[in-house]
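Everything below, folded, please.
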Amino acid sequence: LIPSLVLGIIHSIGCLSFLLPSWKQRYLISCGSYLYKFKDQQSKSPKGCPFELASMTVDLVPKENSPHIGALPPGFDAVISVSTLRRKHYYAVRDREEAMLWVRSLQEAKQAVITRNLGHDKHMPYPQSWKHFDSLAASLVKSKERIKERMETSNIREMEMSNFMDGGPLPRGYHG
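Here you go, the predicted structure:
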């Protein structure tokens, strides 16, 4: 996120505008225990990793306290944030009423997931298709985590090799 002083400098110097946050249209769907985002209405697979409802928070972002967001897209006047353990995602919506609807709906969905996970929903039916979507989402999350771990391991190895080739000390390990 960009401090307001830096944001003002970027706005005044046009060639640095690539540093500003850009808004991309996304479609959010809450189904079962996950929140999915899609690139467009015809997308057949989610964009990125689905968010686990039980471990995320959602908030209305006051415009006056958030200059780091930058200018909203035309026709959008409110912003919600979806926070996961790793990141905070911002979504522009048409107005404050729609933003509050998203916040309340996602908070209720989160509470339903937590209640279900604790086994306190014996009287509430859970559709079989949602269980299937939950299992698909869980496997997608695991797959994305494995890919991320492999990339991090590869980057560490690359750094170790570049230090070794440059004659520098190895950053990890023991010798005796």
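
Output the lowest mean pLDDT helix or strand found in the chain.
Least confident helix or strand of the chain, by mean pLDDT, DSSP states H and E, is helix 4-12 with a mean of 52.

next SSE after that helix?
For helix 4-12, the succeeding helix or strand toward the C-terminus, using DSSP states H and E, is strand 27-31.

what lines up beside that next one in the sheet?
Note on strand 27-31: by DSSP bridges, its sheet partners are strand 34-38 (antiparallel).

distance between the partner strand and the chain's centre?
Put simply, strand 34-38 sits 10 Å off its chain's centre (Cα atoms, centre = their mean, to the nearest Å).

and if you look at stretch 84-95?
Chain-centre distance of stretch 84-95: 7 Å, with Cα atoms, centre = their mean.

Check which residues of it are buried.
For stretch 84-95, a neighbour-count test (16 or more other Cβ atoms under 10 Å) marks H89, Y90, Y91, A92, V93 as buried. From N, CA and C alone the C-beta is placed, and that goes for glycine too.

What strand or helix carries the fourth one?
Read that as A92. Per DSSP H and E, A92 falls inside strand 88-93.

elements contacting that strand?
Packing contacts for strand 88-93, counted by 3 or more Cβ pairs under 8 Å, 6 or more residues apart in numbering; DSSP states H and E, involve strand 78-83, helix 96-117.

picking up where we left off before, out of the buried residues of stretch 84-95, which one sits closest to Q42?
Q42 lies nearest to Y91 out of the buried residues of stretch 84-95, by Cβ to Cβ, at 19.6 Å.

Contact partners for that closest one?
Shown in contact with Y91 (Cβ atoms under 8 Å, 6 or more residues apart in numbering): R26, L28, V79, I80, S81, V82, W102.

Show me how far the longest helix seen in the chain is from its chain's centre.
The residue-count maximum for a helix in the chain (DSSP state H) belongs to helix 128-165. The chain centre lies 16 Å from the centre of helix 128-165; the measure is Cα atoms, centre = their mean.

helices or strands up against that helix?
If you count contacts as 3+ Cβ pairs under 8 Å, 6+ apart, helix 128-165 packs onto strand 34-38.

For the spatially most central residue of the chain, give me its contacts.
Residue closest to the average C-alpha location in the chain (Cα atoms, centre = their mean): H89, at 4.7 Å. Residues near H89 by Cβ under 8 Å, 6+ apart: S81, V82, S83.
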